[in-house]
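Trainee: next comes the sequence, and after it the predicted model I'd like to discuss.
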Amino acid sequence: MTLRITHLGTGSRGNSTLLETNEVKVLIDQGFSGAQLEKRLALLDIDPLDIDCILLSHHHGDHGGGATICQKRWRTRILATERTANELGLDLKLTSYFASLDLIKIGSNLTLLPVPVPHSGSDNVAFIASYEGERAAIITDLGSWTDELVKHVYGCEHISIEANYDENKLNSGPYPYSLKERIRGRGGHLSNNQTGKFLAEVCTSATRNIVLTHLSEKNNSPHLAESTVLYYIAELFDGDIHISLQDGPEMAHYIGKTNEITTTGPLDKPVQD
Ligand SMILES: [Zn+2]
Ligand SMILES: [Zn+2]
């Protein structure tokens, strides 16, 4: 049995990641419009009503902006911290709160552990999913990291993490100075170099696949992100590395006890915003 991980799309215009077991379908984040979510799920033959619940990392629009529409349209249950739920004005009848490091059990054998990460003015968490003795980390929107995060991500079989910007591109790019400072700050986003350094601390021989997510369309490019990160982990990691861009869904990844880890999703059609 496996846990299948599919990014429906990541970036500043919306993020959502689907986790599927034989029992449950769960989204981490819902930063798309209702129509966009429906379209992306349809490419996987999934109806929004099939989603058991949505867990939110934090309240920023590209992660939680599409949560209330799911509650209104499909009565979807949302799991979030109290602060995230309040910031988004969620329907509390369809909301369950969690606190950092509460172990969340979904179905009989999927658990998710929210681990706090530093990200400006928000209660952001990374999620560590555990299934059949293996673990997948979904980490996004963090300006730096903590020893606690390293401890929980260390040796995960799957790691999805943002590689938001290339330092040279950001420095010479069009953003105003104050915005550049915010992105670079402790509460901002990880650069390709920072993501590489973090991965060098947590990758082990157990790590089979890495997905780089939330690339800035102005301040990064897929080949820069991949080559920069690989520079830091080339000696440690011989699995697959992929990039998740804004238009998905993309290739699926698996954890759990199985041989089907190289199977891919069917998707090559981009979805237009
Ligand atoms: Zn954010
Ligand atoms: Zn974001």
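Mentor: That came through fine. Residues are numbered from 1 along each chain as shown. Ligands and ions are numbered 1, 2, ... in the order given.
Trainee: contacting residues for Ile243?
Mentor: Shown in contact with Ile243 (CB atoms under 8 Å, 6 or more residues apart in numbering): 211-213, 215, 222, 225-226. Just so you know, the C-beta spots here come from the backbone N, C-alpha and C atoms, and that holds for glycine as well.
Trainee: contacting residues around the closest residue to Cys53 other than its chain neighbours?
Mentor: Ranked by CB to CB, 6 or more residues apart in numbering and with sequence neighbours excluded, the top spatial neighbour of Cys53 is Arg77, at 4.4 Å. Applying CB under 8 Å, 6+ apart to Arg77 gives the contacts 52-54, 94-96.
Trainee: sorry, back to before: list just the nearest of the contacts of Ile243 to Gly34.
Mentor: Thr213 (22.1 Å; CB to CB).
Trainee: the protein: strands as residue ranges?
Mentor: Using DSSP state E, the strands of the chain run over residues 2-9, 16-20, 25-28, 53-55, 77-80, 95-97, 104-106, 110-116, 125-131, 134-139, 158-162, 209-213, 240-243, 252-256.
Trainee: okay if I get the contacts of Ile243 as CSV plus pLDDT?
Mentor: Conversion of the contacts of Ile243 to CSV gives the following (pLDDT from 0 to 100):
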residue, pLDDT
Val211, 98
Leu212, 98
Thr213, 98
Leu215, 97
Pro222, 97
Ala225, 98
Glu226, 98
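Trainee: nearest to ligand 2, of the residues you listed?
Mentor: Thr213 (9.2 Å; CB to the ion).
Trainee: count of neighbours near Glu23?
Mentor: The number of residues packed near Glu23 is 12, by other CB atoms under 10 Å.
Trainee: quick one: contacts for it?
Mentor: 107-110.
Trainee: next, give phi and psi for it.
Mentor: Dihedral angles of Glu23 (phi, psi; degrees, to the nearest 10) stand at phi -110, psi -40.
Trainee: which residue packs closest to Gly65, ignoring adjacent ones?
Mentor: With CB to CB, 6+ apart, the residue lying closest to Gly65 is Gly31, at 5.3 Å.
Trainee: with Gly185 instead?
Mentor: Distances taken as CB to CB, 6+ apart put Gly143 closest to Gly185, at 5.4 Å, once the chain neighbours are dropped.
Trainee: the one you found and Ser120 touch, don't they?
Mentor: Yes - using CB atoms under 8 Å, Gly143 is in contact with Ser120, at 7.2 Å.
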